[in-house]
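Asks: model the structure of this input:
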Amino acid sequence: MPARERRASGLPGLPRTLPEVVGARGALSDAALLDDAQVDAVVVAVAPPREAEDGLQPRAGTVDATVRYGVDLAELAERAGGRSFRGASGEVVRVDLPRAHAGSGARLPWAGLPPRILLLGVGGGTASDLRRAGAALARAARGLERVVSAATADAGPDAVRAFVEGYLLAAYDQPRQSGASPSATEAAAEQLVLLAPEDRPDVTAPIEAAHRAAAATWLVRDLANVPSDVKDPAWFADRAVELADAVGLDTAVRGPAELGTEGFGAILAVGAGSARPPRLVTVTYDPADHGVLPAGAGADVRHVVVVGKGITYDTGGLSIKPREAMVPMKTDMAGAAVALAVVLGAARARSDRRVTAVLPLAENHVGAASYRPGDVLRTWSGRTVEVANTDAEGRLVLADAVAYAVAELAPDVLVDVATLTGAASLGLGRGHGALFATDDAVADALEDAALSTGERVWRMPLVEDYADALRSDVADLRHVPVESPGGGSITAALFLREFVGDVPWAHLDIAGPARATADRHEVVAGATGYGARLLLEALDRL
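Replies: Below you'll find the model as predicted:
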């Protein structure tokens, strides 16, 4: 077996299959549902007490267990969780119901229930609360097969979607390359059944929407978590083409020869120090080609181009990083993975927007041919850039890709997404992406989408006074300021703006939220997949 195949053999196929979530009509009081021996657990949604109420309150849609089974669920919740369980969003308590001894002839009042109840805190029942509740349920239900829940029985479509998204996102397990077989208790429940009363709207559409959004996030996580001894620009390009071919999208891949002939000087320079050369990939979804729009409607279709930074590993180049800072750099291509997931998600959702993903892929390594501080690069646009720091490579590959996209793809809206600056994570922490935009309508669309998906953004200013910091005495631009005015994410955005022209543009710096060191709600440790759901949600608004 070739070395590359041997190293890759422990990796998952792409895309992976997510746990199954289905809708069903009924209530937890229906004997036909709960007497089924294949149900491993039922989920009872519990809310904090409201004014003038004593104790925790089971939500609407739960079984009236006091009448049918002789079990007071509110009392059970308090006994099982103690004072710490208050029904807040994301709290969960597992209650294993005792069974009568074989041959005793005794029948306990809850004999018709499955062997366990999961008491799930849903807080105020908002979409954000239910997203967190769904995530908590996914972790509590690991190792089970079939779980039945009425937690969303009285929820609207947006809240149902949020609950399912939270469940699927937290059900993600990072692939491991190991000779040991994974434990069954590590896997998410195979099926989650959401119960809805007969008089409530069908939940099929929000479940499907949640599945598409979560699948896009899983794809970003999987790609970003692949170790860089496997994931080089060629590997990523091959995966992009395979995934695009599976849904009938148009692709183009430029290798080193084409990049040189066509003048992609910045991408070539960043990748020059690696034995594994760069690529530039474009993937296009056109709704007219997929029967979404009538023939001849192409001229009126809005074209959204998403450019994603695709540094498959980043040593910092000659401006080398400290060892500790290199460890997570296999995820420095998360922006490209988001762009790819967005165009694939648009196709699966049959969006009426034309969407193109542009993926500049390179490995920023140290070698005899590495580009140097002090070099002057000629970018695809013809503008020259003085290099000051080879560890600011992301804005260089984006400069080539953005200029190309503006000139050759005629976008109506351009969005770039990148793990670009440590300054963004220092300023905003791990919970927000830094949003820059030249167009208020585009910024508003992204901010509205962020409110829907829970992937938070904070709009940052393009400070005109800082633009002079990018001046160079030997080139058109310097990609890192001569004398830094501070605001490193701002000067990076101002540099990218030089290549945008007059196209409405947004830049999303995801250096903070793209990675996590621990699980928290729907976010998982490692690559988080931040940005895929946000941009998919924003497509119709752009």
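Asks: my guess is T251 meets Y285, correct?
Replies: No. Assessed by Cβ atoms under 8 Å, T251 is found out of contact with Y285, at 10.7 Å. In short, each C-beta sits where N, CA and C put it, glycine included.
Asks: okay, the two: which has more neighbours?
Replies: Ranked by neighbour count (other Cβ atoms under 10 Å), T251 and Y285 place Y285 first, with 28 against 17.
Asks: and the more buried one, how far from V503?
Replies: Distance from Y285 to V503, counting by Cβ to Cβ, to the nearest Å: 19 Å.
Asks: one more: S489?
Replies: S489 is 21 Å from V503, by Cβ to Cβ.
Asks: the more surrounded of those two?
Replies: Each of S489 and V503 has its neighbours counted (other Cβ under 10 Å); S489 has more, 23 against 19.
Asks: ok so the more buried one is a helix residue?
Replies: Yes. S489: assigned to a helix according to DSSP: H, G, I helix; E, B strand; the rest coil.
Asks: shouldn't it be in contact with A434?
Replies: Yes. Using Cβ under 8 Å, S489 is in contact with A434, at 5.2 Å.
Asks: overlap of the contact sets of those two?
Replies: 421, 424, 427, 460, 509 (Cβ atoms under 8 Å, 6 or more residues apart in numbering).
Asks: these: which two are farthest apart?
Replies: Using Cβ to Cβ, the shared contacts of S489 and A434 reach their maximum pairwise distance at T421 and M460, which is 10.8 Å.
Asks: any low-confidence regions in the stretch 51-200 of the chain?
Replies: 51-84, 97-113, 178-185 (pLDDT under 70).
Asks: which residues in it form helices?
Replies: Taking DSSP state H, counting those that start in this stretch as the criterion, the stretch 51-200 of the chain carries its helices at 65-68, 73-81, 127-140, 157-170.
Asks: can you point out the buried residues in the last one?
Replies: Read that as helix 157-170. Residues 157, 159-170 are the ones in helix 157-170 that count as buried (16 or more other Cβ atoms under 10 Å).
Asks: for the longest helix belonging to the chain, packing partners?
Replies: Longest helix in the chain by number of residues (criterion: DSSP state H): helix 204-225. Here helix 204-225 touches strand 20-25, helix 157-170, helix 233-246, helix 334-348, strand 526-527, helix 532-538, going by 3 or more Cβ pairs under 8 Å, 6 or more residues apart in numbering; DSSP states H and E.
Asks: repeat that for 10 Å
Replies: Contact here means 3 or more Cβ pairs under 10 Å, 6 or more residues apart in numbering; DSSP states H and E; on that basis helix 204-225 packs against strand 20-25, helix 157-170, strand 191-196, helix 233-246, strand 310-314, helix 334-348, strand 526-527, helix 532-538.
Asks: output the ones you listed as CSV; include the columns distance to A469.
Replies: Putting the helices and strands packed on helix 204-225 into CSV (distance: least, Cβ to Cβ, whole Å) gives the following:
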stretch, distance to A469
strand 20-25, 50
helix 157-170, 39
strand 191-196, 52
helix 233-246, 31
strand 310-314, 23
helix 334-348, 24
strand 526-527, 32
helix 532-538, 30
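Asks: nearest to P49, of those?
Replies: helix 157-170 (20.9 Å).
Asks: could you give the angle of that closest one to strand 191-196?
Replies: Counting by axes from the mean of the first three to the mean of the last three Cα atoms, to 10 degrees, helix 157-170 points 170 degrees away from the direction of strand 191-196.
Asks: run the chain-centre distance for helix 157-170.
Replies: A distance of 13 Å separates the centroid of the chain from that of helix 157-170, by Cα atoms, centre = their mean, to the nearest Å.
Asks: show me what it packs onto, helices and strands only.
Replies: Counting contacts by 3+ Cβ pairs under 10 Å, 6+ apart, helix 157-170 packs against strand 20-25, helix 127-140, strand 146-149, strand 191-196, helix 204-225, helix 440-453.
Asks: let's have the ones you listed in JSON lines, adding mean neighbour count.
Replies: Converted to JSON lines, the helices and strands packed on helix 157-170 look like this (neighbours: other Cβ atoms under 10 Å):
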{"stretch": "strand 20-25", "mean neighbour count": "16"}
{"stretch": "helix 127-140", "mean neighbour count": "25"}
{"stretch": "strand 146-149", "mean neighbour count": "24"}
{"stretch": "strand 191-196", "mean neighbour count": "22"}
{"stretch": "helix 204-225", "mean neighbour count": "23"}
{"stretch": "helix 440-453", "mean neighbour count": "18"}
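Asks: quick one, which of those is nearest to P360?
Replies: helix 204-225 (15.1 Å).
Asks: tell me what angle that closest one forms with helix 157-170.
Replies: Inter-element angle recorded for helix 204-225 and helix 157-170: 30 degrees (by the same axes, to 10 degrees).
Asks: dump helix 204-225 to CSV, restricted to CA.
Replies: Below are the C-alpha coordinates for helix 204-225, written out as CSV (Å, rounded to 0.1, in the frame of the first residue of the first chain):
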residue,chain,number,x,y,z
THR,A,204,-40.2,17.6,8.2
ALA,A,205,-39.1,20.9,6.6
PRO,A,206,-37.2,22.3,9.7
ILE,A,207,-35.6,18.9,10.3
GLU,A,208,-34.4,18.7,6.7
ALA,A,209,-33.1,22.3,6.9
ALA,A,210,-31.3,21.5,10.2
HIS,A,211,-29.8,18.4,8.6
ARG,A,212,-28.4,20.3,5.7
ALA,A,213,-26.9,23.0,7.9
ALA,A,214,-25.4,20.5,10.3
ALA,A,215,-24.0,18.4,7.4
ALA,A,216,-22.2,21.5,6.1
THR,A,217,-20.7,22.0,9.6
TRP,A,218,-19.7,18.4,9.9
LEU,A,219,-17.9,18.6,6.5
VAL,A,220,-15.9,21.7,7.6
ARG,A,221,-15.0,20.0,10.9
ASP,A,222,-13.9,16.8,9.1
LEU,A,223,-11.8,18.6,6.5
ALA,A,224,-10.2,20.8,9.1
ASN,A,225,-9.4,18.0,11.5
